[in-house]
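Student: Have a look; sequence and predicted model below, questions after that.
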Amino acid sequence: MSEGGGGGLGLDLSKYLGLFVSESRDHIEALARTLVALERGAGAGEDPGALVDGMFRHAHSVKGMAGTMQFEGIARLAHRAEDVIGALRGRSAPVEPDVVDALLGASDALLAMVQASAAGGAPPPPDAALLERLERVAAGLRDDGRAGGVDGRPARPVERAAQQPRPAAGPGAEAPASDARPVQVEVDVAESCPVPSVRGYLVLKRLASLGTVLSADPDGEDLKAGRMPGRRLVATVSTAEGGEAVRRALAQIADLARIEVRAGERVPDPPAAEARAAPAPVAPEPGPPAREGEAETRRTVRVRAELLDGFLDSVGELLLATSRVRELGRALPEPQRRAHDEGVDRLHAIVKDLHGKVMTARMTPLAHLADRLPRAARDLARRTGKQVDVAISGADIEIDRSLLEDLADPVLHVLRNAVDHGLEPAAERITAGKAATGRVSFAARRERDRIVVEIADDGRGMDPARLRDAAVARGALTREQAAALPDADALLLACLPGVSTAREVTEVSGRGVGMDAVKRTVEALGGRLEIQSQPGRGTRVTLRMPLTLVVQPVLLVRVGEEILAVPVSKVHGAAEVELERLERSGGAPQLGFAGGHVPVHDLAGLLGFGAPTEAGRRAIVVTDGEGGRVGLAVDQLLGQEEAVLKPLHRPLSRVAGLSAVTVLGTGRPVFVLDVARLVAA
């Protein structure tokens, strides 16, 4: 059977590729998470045996699904990983780091192979060296078990995968072995499984690997056509394995809600045609009736992310169209306008409700990001010879999927900085009176319409004085400017390109690059980055982010004949002054604000509009810049509005200072400013 080819029951597998990739990725990521928890000490009080059993189920599910899809290389690698995990059963001693390294290497390779199959081609074959390494590790664990195991008990034997399928009953098929007995099987596929016929096909394949399938209802032809009435499969298999072995084999298949197995006495084989026509006489055990509506509440469906994105775009267009209709209605006479406005209000309420439902469908738990952190910290700690424990809270909070994807790299970078640059080696920590194992925490919480993510460590901390000196040495600030910075702003100097206080340069941190990209990314997403730190006590990096990027409040301003928008999340306040009367420093006017001074830039000049068209008093918007707060001088403040943001495409996406575009109810397009990039350009 060739990799990625047909075979078996002749099922067209291509239409199940997306489901295979999605489910396999979930199982592989869960396997790696559980493995890290096991190494850490069984996680939050979990039973090590239960963790090992969970890992075995994940590996076995990947092997089974890969076998169904005819991806023999993936199945072979998953089987080797399964051997290692099986050899861990019955052991109470901590799992050795080398064993964890081997299994994590297998999970990484499995994930890469599954991702490669997503394009529709055959995944690459597994690395021979990795297969040999897993075989050696499994053999070593089994040898330890035979030598007495843990606590004087031999380790439980490794569960072996089923042998290659025997031919199904039919013309020319071999007769069942003399010691084989018929086993009647009935399975129900869970309501949560989106494609039950695939699970039914997998059950038939597993039964065929245990013996000879005598009958099946629905049969292979129905399953390959996607037909599985009632999500139930009834089959009879002639096997020497016994009923309990059949039950154990089927229990490893995911999404089976019920498995009923009954072994009987040996009976003559039915003719092939009769076996196909008549279902096996299995009487299901009576059970409590399902409560009305219970099955409905468990129904789920997988939807492609691109479909949700397109749906959201359409709803955004509806919101804009509704605003346009409202604007046009202002020209109507009063009696007609009242009825028009009532209709528009009703339409707007329906569209807003629809928008909320689409946004809810796009919301994704932070766990999709947070679950990667223990593994990332563990790998880096192994490379640097440190010890680290990662604590996670608030991972059940949901945010917009697109925001979560963009937030992944900044969070992982901050975590790596904490482990590599923040945490001290064990000996240094003990000398300082700390525990040998460093601690990094990831905590998330909701604050109204925003989410706050904090990544904290109990390491060396950051020294504001050293950051000031590093910024001056790089020419980013003058000595006077650095001295005037409060400590909270001085810590943000770590986000300037080339500014670092790392004691040594490593592959991960210390070059003064990275945190500037983190800050830019966070601010481009409409968020704000804050740093708190005490030397010797640790560092806390806080990311304040919107829950969604699609609809945001903006402050509209006028500059000459142009209307522009500034995200409200970046605005600290506003004032109205005469620029000529402001004190100057470094050639720029300085506005007194919140006990300090902020430089004021003329927005018309920054955008290349030329000299301001209006003299006298100007409105100043205080917002976030690249190195701190800045003031933008504009001609007029026009008020706040909820904006449906649209991404920019080339060539506008390459213009520094523009982040998005929205459309007013009048139909007028308005650019949303990226003030930090605009001022720095």
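Tutor: Yep, that arrived. Since we're looking at a predicted model, the values are computed, not measured.
Student: just for the stretch 351-500 of the chain, where's the confidence low?
Tutor: Residues of the stretch 351-500 of the chain meeting the criterion pLDDT under 70: 498, 500.
Student: Now do the strands in the stretch 101-250 of the chain.
Tutor: Here the stretch 101-250 of the chain has its strands, by DSSP state E, counting those that start in this stretch, at 181-189, 212-217, 232-239.
Student: residues touching residue 207, list them.
Tutor: 185, 213, 235, 237, 239, 246, 250 (CB atoms under 8 Å, 6 or more residues apart in numbering). The way it works is simple: take the backbone N, C-alpha and C, and place the C-beta from them, glycine included.
Student: Quick check: closest non-adjacent residue to it.
Tutor: Among residues not flanking residue 207 along the chain, residue 237 sits closest, at 4.4 Å (CB to CB, 6 or more residues apart in numbering).
Student: Report how many residues lie close to that neighbour.
Tutor: Neighbour count for residue 237, taken as other CB atoms under 10 Å: 30.
Student: Equivalent analysis for residue 461, please.
Tutor: Neighbours of residue 461 (other CB under 10 Å): 17.
Student: Is it in contact with residue 532, as I believe?
Tutor: No. Using CB atoms under 8 Å, residue 461 makes no contact with residue 532, being 9.6 Å away.
Student: Which residue comes closest to residue 250 once chain neighbours are left out?
Tutor: In space, and not counting its chain neighbours, residue 250 is closest to residue 259: 5.1 Å by CB to CB, 6+ apart.
Student: Let me fix that, I meant to ask about residue 438.
Tutor: Residue 438's closest residue in space is residue 423 (CB to CB, 6+ apart), at 3.6 Å.
Student: Repeat that for residue 609.
Tutor: In space, and not counting its chain neighbours, residue 609 is closest to residue 560: 5.6 Å by CB to CB, 6+ apart.
Student: Repeat that for residue 381.
Tutor: residue 388 (4.3 Å).
Student: what's the distance between that neighbour and residue 57?
Tutor: Per CB to CB, to the nearest Å, residue 388 is found 28 Å from residue 57.
Student: do residue 323 as well
Tutor: Distance from residue 323 to residue 57, by CB to CB: 52 Å.
Student: quick one: low-confidence parts of this protein?
Tutor: Scanning the chain with the threshold set as pLDDT under 70 gives 1-13, 42-46, 145-179, 264-302, 498, 500-513, 549, 610-615, 626-627, 681.
Student: Break it into its domains for me.
Tutor: The record assigns the chain these domain ranges, following automatic domain parsing: 14-146, 181-279, 307-364, 366-546, 551-680.
Student: Between the two ends of the last one, how far is it?
Tutor: For domain 551-680, the first and last residues are 26 Å from each other (CA to CA, to the nearest Å).
Student: next one: the longest one
Tutor: For domain 366-546, the first-to-last residue distance is 13 Å (CA to CA).
Student: Which helix or strand contains residue 74?
Tutor: In the assignment (DSSP states H and E), residue 74 maps to helix 72-88.
Student: related to what we said a few turns ago, who's in contact with the residue nearest to residue 438?
Tutor: Neighbours of residue 423 in contact, by CB under 8 Å, 6+ apart: 386, 388, 429, 438, 440, 457, 458, 459, 460.
Student: What of residue 519?
Tutor: 492, 495, 529.
Student: Out of these, the closest to residue 393 would be?
Tutor: Closest to residue 393 out of those is residue 529 (20.1 Å), distances taken as CB to CB.
Student: That closest one pairs with what?
Tutor: For residue 529, the beta-bridge partners are residue 543 (DSSP bridges).
Student: Count residues in the vicinity of it, would you?
Tutor: Neighbour count of residue 529, defined by other CB under 10 Å: 21.
Student: was I right about it contacting residue 542?
Tutor: Yes. Using CB under 8 Å, residue 529 is in contact with residue 542, at 7.2 Å.
Student: Spell out which residues sit in contact with the nearest residue to residue 359 once chain neighbours are set aside, please.
Tutor: Distance criterion CB to CB, 6+ apart; nearest residue to residue 359, sequence neighbours excluded, is residue 548 at 6.1 Å. Applying CB under 8 Å, 6+ apart, we find residue 548 in contact with 359, 362, 399, 400, 403.
Student: Give the helix, strand or coil label for residue 548.
Tutor: At residue 548, secondary structure determined by DSSP: H, G, I helix; E, B strand; the rest coil is coil.
Student: The stretch 451-600 of the chain: strands as residue ranges?
Tutor: Here the stretch 451-600 of the chain has its strands, by DSSP E, counting those that start in this stretch, at 528-534, 538-546, 551-559, 562-567, 571-578, 583-585, 588-593, 596-602.
Student: Counting by contacts, list what the second one packs against.
Tutor: Right, strand 538-546. Applying 3 or more CB pairs under 8 Å, 6 or more residues apart in numbering; DSSP states H and E, one finds that strand 538-546 contacts helix 401-417, strand 450-457, strand 528-534.
Student: got it, and the shortest one?
Tutor: Strand 583-585 is packed against strand 588-593, strand 596-602, with contacts defined by 3+ CB pairs under 8 Å, 6+ apart.
Student: mind checking how far it is from the chain centre?
Tutor: Put simply, strand 583-585 sits 48 Å off its chain's centre (CA atoms, centre = their mean, to the nearest Å).
Student: Pull up the pairing partners for it, direction included.
Tutor: Looking at strand 583-585 with DSSP bridges, its partner strands are strand 588-593 (antiparallel).
Student: and if you look at the fourth one?
Tutor: For strand 562-567, the paired strands and their directions (DSSP bridges) read strand 551-559 (antiparallel), strand 669-673 (parallel).
Student: What are the buried residues along the shortest one?
Tutor: Judged by neighbour count (16 or more other CB atoms under 10 Å), strand 669-673 contains these buried residues: 670, 671, 672, 673.
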